[in-house]
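Novice: A predicted structure for the sequence below; I have some questions about it.
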Amino acid sequence: MFGKNQTLEDNGSGVDTIIGPSVSVEGNFKGEGNIIVEGEIKGSLKTKGYLKASESSVIVASVVANEAEIAGQLVGNIKIKAGLEIKATAVIQGDIEAQTIEVANGAIINGNIKMKMEAGEKMVANGGSVEEEK
Amino acid sequence: MYCYIYDIFTNQKKYEKQLLKIELLLADLGIAGKTYKLNVLKNLEGVIAEAVNEGIKTIVAVGNDQTVSKIVNLIIDQGLTLGIIPVGENNLLATSLGIKSSEEAGQILAARKIGRLDVGKINDQYFLLGLESGDSNIVFDLKDYNIQPRDNNGAVGLYNINISNYEFRADPEDGIMEAVFAPKKQVWWQNIWHKEGAKPERISVFPVRGLIINHQKKPITINVDRQRTIKTPAVVEVLKNKLRVIIGKEKSN
């Protein structure tokens, strides 16, 4: 599995599925492992692993993944269990939900962003300060 | 007892010395068995039926990938074990099973380490290596989604063993085959046009356990094990660990 600061190898090692620039995938794609998208996908995309959507990717689908890096075009809602990295070339239209989000300067996002709070922290309604739970 | 089936092409004079050497080695190792040399009058179906009647449990293919593929189709339902002695060109299967030469094959047959390989079934035929097509009219229907090549795609394949020139990992014992879509190769002027150091377009790889190979407009031809063809639509399933094969110590994927 891939950590927060790790990336998929360029040669594809550690990758279970590669949706390259010469194919178009339509329907409900469900993968168990790490996925690289450089081509087109329409429908829905789900994986328990890491998703890397490169600059050439065109995703018109709802996306669910454990971790993700988005650098291409994406129309659809995104739900990421852990960290999401949005690159400068990314154009996203849809709502985003993730635990942590890193957005590069230049990325375009049109949609709502929702971030889950870490366990053990909660917002205090009166005053809006953060209080550590003991 | 082992039964050795020599493919027709091994009758060529250029293989005479090599085969004699193998036969001496098999005798030395104490595994010389019944030998069948195929020719226009002696067909494979008849030979295998005869071997089965005689109670033979291990069939050794003496030839190349195509020899193995032909034999597998006839022995798969009989529960027989397959051995391979690679002769001639196109021996990617033997190499991937750790059998690098005909000399090495003798030692491997004597050691008798058994592996269980996945086998593909396309309609009513079996295949061991893979399926290939160059037709962009193809559609891979995987029940929940389908994959179609775009205009820039050159070749399509479904591989149990990587017999292609593309870089991907295919393990013939994992119950999965790899569907591969490869972009067209760039011509020289495109290489000049692209920025220096630009990477070639990546192939697509999908792990597959079963699918229907269909077409968009007209039925297309699929090459099976680089040996025979079949028309679409075709139902493909992966039969996990279906074939018992004698493998080398260092099997590569």
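Specialist: Thanks, I have the structure now. Because the structure is predicted, anything quoted here is derived from the model rather than measured.
Novice: Show me the residue at the heart of chain A, geometrically.
Specialist: Nearest to the centroid of the C-alpha atoms of chain A, with distances taken as CA atoms, centre = their mean, sits A:Ala68, at 3.5 Å.
Novice: Return the set of residues that bridge with that residue.
Specialist: A:Ala68 has the following beta-bridge partners by DSSP bridges: A:Leu51, A:Leu84.
Novice: Look up how far A:Ala61 lies from it.
Specialist: In this structure, A:Ala68 lies at 13 Å from A:Ala61, with CB to CB, to the nearest Å as the measure. C-beta coordinates here come from the backbone N, C-alpha and C atoms, glycine included.
Novice: which parts of chain A sit against chain B?
Specialist: A:10-12, A:15-30, A:36, A:38-40, A:43 (CB under 8 Å from any CB of the partner chain).
Novice: Now a PyMOL select for only the buried ones of those residues.
Specialist: A single PyMOL command is used to select the members of the residues of chain A next to chain B judged buried by 16 or more other CB atoms under 10 Å in any protein chain shown:
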select buried, chain A and resi 12+15+16+17+18+19+20+21+22+23+24+25+26+27+29+36+38+39+40+43
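Novice: Would you state the helices of the stretch 151-253 of chain B in chain order?
Specialist: Using DSSP state H, counting those that start in this stretch, the helices of the stretch 151-253 of chain B run over B:188-193.
Novice: At the contact with chain A, which residues of it appear?
Specialist: Taking CB under 8 Å from any CB as the contact definition, the stretch 151-253 of chain B meets chain A at B:152-154, B:167-168, B:181-184, B:199, B:201-207.
Novice: can you do 7 Å?
Specialist: With CB under 7 Å from any CB of the partner chain as the criterion, the stretch 151-253 of chain B meets chain A at residues B:152-153, B:167-168, B:181, B:183, B:201-207.
Novice: buried subset of the residues you listed?
Specialist: Using 16+ other CB under 10 Å, the buried ones in these are B:153, B:168, B:181, B:183, B:201-207.
Novice: In CSV, could you pull the C-alpha coordinates for stretch B:138-152?
Specialist: What follows is stretch B:138-152, C-alpha atoms only, in CSV (Å, rounded to 0.1, in the frame of the first residue of the first chain):
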residue,chain,number,x,y,z
ILE,B,138,-12.9,-5.2,-30.1
VAL,B,139,-14.8,-4.8,-26.8
PHE,B,140,-13.9,-6.5,-23.5
ASP,B,141,-17.1,-6.9,-21.6
LEU,B,142,-16.4,-7.5,-17.9
LYS,B,143,-20.0,-7.6,-16.6
ASP,B,144,-19.8,-4.4,-14.5
TYR,B,145,-17.8,-2.4,-17.1
ASN,B,146,-16.4,-2.6,-20.6
ILE,B,147,-13.1,-1.6,-22.1
GLN,B,148,-12.8,-0.3,-25.7
PRO,B,149,-9.6,0.6,-27.5
ARG,B,150,-9.4,4.2,-28.7
ASP,B,151,-8.1,5.3,-32.2
ASN,B,152,-4.5,5.4,-30.9
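Novice: Run the chain-centre distance for it.
Specialist: In terms of CA atoms, centre = their mean, to the nearest Å, the centre of stretch B:138-152 is found 23 Å from the chain centre.
Novice: Check which residues of it are buried.
Specialist: In stretch B:138-152, counting by 16+ other CB under 10 Å, buried: B:138-142, B:145-149.
Novice: ok, now stretch A:61-69?
Specialist: By 16+ other CB under 10 Å, the buried positions in stretch A:61-69 come out as A:61-69.
Novice: I'd like to know which of those is nearest to chain B.
Specialist: A:Ala61 (10.2 Å; CB to the nearest CB).
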